[in-house]
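K.L.:
Here is my input; please provide its structure:
(one chain, ligands or ions: 1)
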Amino acid sequence: MVKIGVLGLQGAVREHVKALEAKNAEIIVIKRVEELEGLDGLVIPGGESTTMRRLIDKYGFMEPLKQFAQQKPVFGTCAGLILLAKNIEGQDHAHLAVMDVTAKRNAFGRQRESFEATLNVKGVADDFVGVFIRAPYIIEVGEDVEVLATFNDHIVAARQGRFLSCAFHPELTDDDRMHQYFVQMVEEFK
Ligand code: GLN
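P.N.:
Numbering: from 1, shown residues only. The predicted model follows:
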């Protein structure tokens, strides 16, 4: 059985735990750096990326998370996608900067603060309902990055080897197929 952590500093933590718990995996909420030890994979939830970054710095998570990401699978959703991205449009500095994508924050604009859309997510489902909340999207990907889903021609899910990210919140619906996909990634990687 694989052991997966959900970064528990801010955001939709419990929902991810619930979605993952139904799988054949042991799930731990990570609040301290030492708890990263022994994990096979990590989920960085949605929430607010600048707030999460502040807490990452405050609790000394920056280097340990970067190191973790050099070795193990990581799944970032929404703000988690922004934290993983190598580049953030309009900002000089990214956060963990481990996944070769450029993210645009709040990319769907004010008039579309939150909405749902049915997506075709490659390798996951062709009818996945994505919940978007002040969501980013990906405006550019490196050559090793596989685009898994688009919405209105914007990239909303991608994978690069052990990194998985999506702009929507798979933990906010009962559909756990994105989580299933990640658990499988973690199992294969282990
Ligand atoms: N807009 C948020 C940010 O920039 C992300 C929103 C979310 O995670 N639902 O961090």
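K.L.:
C-alpha only now, for contacts and for neighbours.
P.N.:
Fine.
K.L.:
beta partners of the residue nearest the centre of the chain?
P.N.:
For the chain, the residue nearest the mean C-alpha position is residue 76 (1.0 Å; Cα atoms, centre = their mean). Under DSSP bridges, the beta-bridge partners of residue 76 are residue 44, residue 165.
K.L.:
Around the ligand, which positions in the protein sit nearby?
P.N.:
For the chain, the contact set with the ligand under Cα under 6 Å from any ligand atom comprises 46-50, 78-79, 105-106, 133-135.
K.L.:
List only those of these flagged as buried.
P.N.:
Neighbour counting with 16 or more other Cα atoms under 10 Å marks 46-49, 78-79, 105-106, 133-135 as buried within the residues of the chain next to the ligand.
K.L.:
Adding pLDDT and distance to residue 185, write those out as TSV.
P.N.:
As requested, those are exported to TSV (pLDDT from 0 to 100; distance: Cα to Cα, whole Å):
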residue	pLDDT	distance to residue 185
46	95	20
47	95	23
48	96	26
49	97	24
78	97	19
79	97	21
105	97	26
106	95	28
133	95	26
134	95	27
135	96	24
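K.L.:
Which of the residues you listed fall in helices?
P.N.:
Among these, the members found in helices (DSSP state H) are 49, 79.
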